[in-house]
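> let's see this in three dimensions:
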Amino acid sequence: MNIKYNNGRRKFIKKSLSVFSGIVIVPRHVLGRGFVSPSDKINLGFIGTGVQGRYLMKEFNKINEVNIIGASDIELAKLDLFESDFKKNIANFNKNKSSLGFKKKSSYHDIIKMKEIDAVVVATPDHWHAKNCIDALNNGLDVFCEKPTSHTLKEGRMIVDAVKKNKSIFQTGSMQRSWFVFRHAVELVRNGYLGTIKKVIVNVGDPAIPCDLPAETPPSTLNWDHWLGSAPFRPYNSILSPPVEQTHFPRWRFYEEYGGGILADWGAHMFDIAQWGLNQDDSGPVRYIPPIKPNSKVGLKMFYKNGVEMEHNKYSPDGGFGVKFIGSDGNLIVTREKIITNPKSISKIKISESQKRVYKSDNHYTDWIKSIKSRKDPICNAEVGHRTSSICQIGNIAYKLNQPLDWDPKKEVFSNNSKANKLRGKKYRKPFKI
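Reported below is the predicted structural model:
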């Protein structure tokens, strides 16, 4: 049974308060898994302990209301490094915390079944996200999942449905929404300082490609079959799961069997800002037109129902990954480092409290923890993450088929292409079905 802090539980507390005139202490186990009082610590477990998992561990460990009590990985060397880094982080920066009782598990199922766990952080390769998240959600847990939320369109909707069914708090790791530079850019756009938006250019990397890497011998600490999971079986290659001593981000994200290319990896950041600025968080483009030249890696055009055009391409004068909003009265480029506007005066405008404001989060990780306690959606909930991931996934399909696609954001189907509809999902290798 999946238990959440619902109206019946509120009635129980109110009834208890009316019976006892003194302080009433209701243990959490009485209220059920998922209830966290404002004074409680949140017990976190980690699924995936690679480069990004270790980074997220350090960010969450900064939060006083968080205790990290367990982690899982099918690569035992990475799991050991995670534990070592966790203990060093506590010794050097969080001496008020303890690593005693920290549990390591080779299977994420053992983490999500720990009765002490309140929530999990999912930092596995993209092709594992949906299964990790849905299993955790169905065990009554709240979830922070790295972006992109899912590997396929159908998986994204399944995650959203599981969040709703279990009344869970879900944060997508598109942390740029919690950065001032992007929030300010979005508020400039939303308040009309560029006039009517005509076009948006999103500059991120290439679409996904099929994996054709040569076979290598896997390390003895890695369960390669479980790393592959639902993906088609193929021999190990260190490009996909690099040895623990390598600290760069693994390049499984380039390949369609495991990720969505840099189009999805960085697109989950930058298309997210485009959607936010256009106020399209619950929708998306309705038509996708690939470039005329076959095998092109940029040039995909996308059109919203209101006529706004979005293009996956480079822009000038700044070539870094980012978003360019083109309006009737001016242009704005936003990257992780800066905002560039034409006219220049736009970038200096301060948005007042009386103007249109968007959700303000100054820390993506604290925002999720606060939401767990308040039971209100965080800044980048499952629906937002799914809609951004959908643009990236449809983009990959359009480049792959090299055909125009008409997309219905409500029904989440293609109205003109049966091949594209088949690519909304994927075949799952047994026994790794969701």
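> and the helices in this structure?
Under the criterion DSSP state H, helices of the chain are mapped to 7-19, 28-31, 51-61, 76-93, 108-112, 126-138, 153-166, 180-190, 224-228, 261-265, 267-277, 364-374, 382-401, 418-422.
> chain center to the last one: distance?
Yep, that's helix 418-422 we're talking about. Centre-to-centre, helix 418-422 and its host chain are 25 Å apart (Cα atoms, centre = their mean, to the nearest Å).
> could you do the fourth one as well?
Shown here is helix 76-93, whose average C-alpha point lies 24 Å from the average C-alpha point of the whole chain (Cα atoms, centre = their mean).
> now do it: which elements does it pack against?
helix 51-61, strand 66-72, strand 103-105 (3 or more Cβ pairs under 8 Å, 6 or more residues apart in numbering; DSSP states H and E). C-beta coordinates here come from the backbone N, C-alpha and C atoms, glycine included.
> same thing but at 10 Å, please
Helix 76-93 sits against strand 42-47, helix 51-61, strand 66-72, strand 103-105, with contacts defined as 3 or more Cβ pairs under 10 Å, 6 or more residues apart in numbering; DSSP states H and E.
> if I look at the nearest residue to residue 222 once chain neighbours are set aside, how far off is residue 50?
Spatially, and ignoring its direct neighbours in sequence, residue 222 is nearest to residue 75 (4.8 Å; Cβ to Cβ, 6 or more residues apart in numbering). Shown here: residue 75 relative to residue 50, a distance of 8 Å by Cβ to Cβ, to the nearest Å.
> among these two, which residue is more densely surrounded?
Shown here are residue 75 and residue 50; by other Cβ atoms under 10 Å, residue 75 has more neighbours (25 against 22).
> if I read this right, residue 208 contacts residue 148, doesn't it?
No - using Cβ atoms under 10 Å, residue 208 is not in contact with residue 148, being 11.3 Å away.
> how close does residue 211 get to residue 256?
To residue 256, residue 211 is 7 Å away according to Cβ to Cβ.
> what sits in contact with each of the two?
Common neighbours of residue 211 and residue 256, using Cβ atoms under 10 Å, 6 or more residues apart in numbering, are residue 231.
> picking up where we left off before, ok, which of the helices and strands packed on helix 76-93 comes nearest residue 387?
For residue 387, the closest of these is helix 51-61, at 22.1 Å, according to Cβ to Cβ.
> buried sites along the closest one?
For helix 51-61, a neighbour-count test (16 or more other Cβ atoms under 10 Å) marks 51, 52, 53, 54, 56, 57, 60, 61 as buried.
> show me which of the residues you listed is closest to residue 156.
Closest to residue 156, out of all of these and judged by Cβ to Cβ, is residue 52, at 19.5 Å.
> can you tell me the closest non-neighbouring residue to that closest one?
Among residues not flanking residue 52 along the chain, residue 123 sits closest, at 4.7 Å (Cβ to Cβ, 6+ apart).
> residues in contact with the closest residue to residue 173 other than its chain neighbours?
Setting aside the residues directly before and after it, residue 173 is nearest to residue 146 in space (Cβ to Cβ, 6+ apart), at 4.2 Å. By Cβ under 10 Å, 6+ apart, the contact list for residue 146 reads 48, 52-53, 56, 121-126, 129, 172-175, 268, 385.
> off-centre distance for stretch 240-250?
The mean C-alpha position of stretch 240-250 is separated from the chain mean by 21 Å, Cα atoms, centre = their mean.
> which residues touch that stretch?
By Cβ under 10 Å, 6+ apart, stretch 240-250 touches 49-52, 54-55, 74-82, 125, 211, 213, 216, 218-219, 221-222, 224, 227-228, 231, 234, 238-239, 251-255, 257-259, 265.
> end to end, how far does that stretch reach?
Distance between the two ends of stretch 240-250: 6 Å, counting by Cα to Cα, to the nearest Å.
> can you give me the buried ones in it?
For stretch 240-250, a neighbour-count test (16+ other Cβ under 10 Å) marks 240, 241, 242, 244, 250 as buried.
> for stretch 175-195, same thing?
For stretch 175-195, a neighbour-count test (16+ other Cβ under 10 Å) marks 175-179, 181-190, 193-194 as buried.
> ditto for stretch 133-141
Neighbour counts over stretch 133-141 (16+ other Cβ under 10 Å) mark 133, 134, 135, 136, 137, 139, 140, 141 as buried.
> check stretch 400-416 too.
Buried residues in stretch 400-416, counted by 16+ other Cβ under 10 Å: 400, 401, 405, 407, 409, 412, 414.
> and what of stretch 426-434?
By neighbour count on 16+ other Cβ under 10 Å, the buried set for stretch 426-434 is residue 426.
> for that stretch, give the mean pLDDT please.
Mean per-residue pLDDT for stretch 426-434: 95.
> mind exporting that stretch as CSV, just the C-alpha atoms?
Provided in CSV are the C-alpha atoms of stretch 426-434 (Å, rounded to 0.1, in the frame of the first residue of the first chain):
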residue,chain,number,x,y,z
LYS,A,426,11.2,0.9,-27.4
LYS,A,427,11.7,-2.8,-27.0
TYR,A,428,12.8,-3.9,-23.6
ARG,A,429,15.3,-6.7,-23.1
LYS,A,430,14.1,-9.2,-20.6
PRO,A,431,13.9,-9.2,-17.6
PHE,A,432,14.2,-5.3,-17.6
LYS,A,433,10.7,-4.3,-18.6
ILE,A,434,9.0,-1.6,-16.7
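> now that stretch, how far from the chain's geometric center?
Distance of stretch 426-434 from its chain centroid, counting by Cα atoms, centre = their mean, is 22 Å.
> hmm, who's touching it?
Residues from elsewhere that reach stretch 426-434 (Cβ under 10 Å, 6+ apart): 127-128, 130-135, 151-155, 158-159, 162, 225-226, 228-233, 256-257.
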